[in-house]
Structures are given as C-alpha cells and as structure tokens.
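Visitor: with the sequence up front, the predicted model follows.
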Amino acid sequence: MKSKWITLVFVVLVFSTLGFSQEERSSTFSYEVNRVYPYLSVTSEELKEATTIADLDHRYKPSWVKEYMSVEVSATCQGQLRKVVGKNDQLTPAQKVILNTADAGTDIFVKVVYLPQNSLAYNEKKEMEIVFTVDPDTEAHYASGQEQLMQYLKENVIDNIPVGSFKGYDLAAVKFTITEEGEITNAHIFESAKDDDIDALLLAAISRMPCWEPAVYADGTKVQQEFAFTVGNMENCMVHLLSIRRGH
C-alpha cells in the first residue's frame, strides 16, 4: 500500500512539473507580428473630433503655457502647402479644415510659440513643433489572413528553431516594410537571437513571405507601413523600443 502511495505521489509530481514547464514556456516564448507605429499618429475619426492641440497629442499639457504667442497648423492639401495661425490651443474652424483635408499619407505640423509657465524673472518665448500623421483607413495585412500568416511563420520559423534556443527573457526581432505594392522590403534584424543561424532563419522567412495587401486610405491612396516580427519573451525591455502596440 505504501509503495502505491509513493508511486501515486511521484506521478502527480511528474505531471505537475510537466504542466508547469509547459505553462512557463507558453508564457515566456511566443511569436507575433505587430505594426510599428510612427512617433505620433491619429485616426481619421480622432482628427475629425479634435478641438484642441491636446486632442492631437495627448502628451501635450496646456499647463506648460503661460501665454500663447501663436499656434500655426500647416499641411499639404491637394499638393499645396497651407498654413493657418491661431491664438491659442483651441483649433479654429480654418485650422480644422486644413487638418481634415491634408493629403493622405503626408505629415501635419503644429507649431506653438509661447511663454512657458515658470517663475523665472526673465521668461523667454519657446517654440514647440508637433508632427503627426493620420493612420490609413485599412492597415496592411497578410493577403491570406492572420491565421495563415501565423501558420506560415510556424512552419518556416518556429518549427525549425532548436528546443532551448530561447530562455528567460531572450527575444529576437525582425523589422520589415510592406510597400505600396504589398511587397516585403527592408527586412533587417532589430534584436539578434544571439545565434547567426536563427537570425538567418528569421530573415529568410520574412524576406520570402508571400505578398501582403498594402495599407490604403479611404481615397485609395496606398502607403507603406513597417512591421515587427518577434520571437521569444515579450517581457524583454527591448519590446518598448519597437514602437509597437500589441493587440492592434
């Protein structure tokens, strides 16, 4: 009877250990493809609803400003550079027209000239420039769908990586660009797997990947977009330098 209990305890411990190992691996080893975002971008819906500078850049704080000297909004509209100057952080109707008629895929500029809020005896005027883009209405995507993309990467990358290659916080990342024609270009190692063979495997799979559907605006304008393919532990601190938004 005692030996049966010992055997039972052993089996339980073995399966508990296996379960923990599998859970630990699944929580630390993953592979994803995420869009690399510009430093600052907004959606067309957010742009239409914007009434202040803070609506365009949430990091902007009106409390920084003691007095506005001028606020200039400029963008290229139908191939021509247009500018409208306002008096404060409230967007004027004319400025909103420029924002919402800017040519698809071009940068929009907001230049703020102001006196900063401080206690200095001599307060010099400062300039701040906010540059942002409007996100395409349709993001670039794998032509056969997300599920097929993951299957392609599993068969051409993940299944060929030796077991134990990624441990702890190890992470490898490849950045690449989807062109206006949906082609893959500029694939390069952003974070090395610390193994030349694995790095080469990652690059080859991305470079030979079938074409995507390019990003496109409502007016039909197609633009290129950058993406990142990551393998390993997404809790690695390098993830923050990729400029990705997971889950988007």
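Guide: Great, that's in hand. Just so you know, these numbers come straight off a predicted model, no measurement behind them.
Visitor: next one: residue 42 from residue 54, what distance?
Guide: Here residue 42 is placed at a distance of 12 Å from residue 54 (Cβ to Cβ, to the nearest Å). Heads up, the C-betas are built off the backbone N, CA and C, glycines and all.
Visitor: do residue 99 as well
Guide: Counting by Cβ to Cβ, the gap from residue 99 to residue 54 is 14 Å.
Visitor: where do the strands of the chain begin and end?
Guide: 30-36, 41-42, 65-77, 80-86, 108-116, 126-134, 141-142, 171-178, 184-191, 212-213, 215-216, 222-223, 225-232 (DSSP state E).
Visitor: ok, and what's touching the second one?
Guide: The set of residues that contact strand 41-42 without belonging to it, under Cβ atoms under 8 Å, 6 or more residues apart in numbering, is 50, 56, 132-135.
Visitor: 6 Å - rerun?
Guide: For strand 41-42, the surrounding residues in contact (Cβ atoms under 6 Å, 6 or more residues apart in numbering) are 132-133, 135.
Visitor: quick revisit: show me which of residue 42 and residue 54 is the more surrounded one.
Guide: residue 42 (20 against 13; other Cβ atoms under 10 Å).
Visitor: isn't residue 229 right up against residue 33?
Guide: Yes - in this structure, residue 229 is within contact of residue 33 by Cβ atoms under 6 Å, at 5.2 Å.
Visitor: how close does residue 81 sit to residue 42?
Guide: From residue 81 to residue 42 the distance is 20 Å (Cβ to Cβ).
Visitor: correction: the previous question concerned residue 89.
Guide: From residue 89 over to residue 42 (counting by Cβ to Cβ), the distance is 16 Å.
Visitor: out of everything not next to it in sequence, what's closest to residue 136?
Guide: Using Cβ to Cβ, 6 or more residues apart in numbering and skipping the chain neighbours, the partner closest in space to residue 136 is residue 215 (4.0 Å).
Visitor: residue 46 now?
Guide: Nearest to residue 46 is residue 55, by Cβ to Cβ, 6+ apart, at 7.1 Å.
Visitor: so how far is residue 56 from the residue nearest to residue 51 when sequence neighbours are not counted?
Guide: Nearest residue to residue 51, sequence neighbours excluded (Cβ to Cβ, 6+ apart): residue 91, at 5.8 Å. Distance, residue 91 to residue 56, by Cβ to Cβ: 8 Å.
Visitor: next one: residue 46
Guide: 8 Å.
Visitor: of these two, who's got more company?
Guide: residue 56 (21 against 14).
Visitor: wait, that one sits on residue 48?
Guide: No - using Cβ under 6 Å, residue 56 is not in contact with residue 48, being 11.8 Å away.
Visitor: tell me the mean pLDDT over stretch 87-106?
Guide: For stretch 87-106, the mean pLDDT works out to 96.
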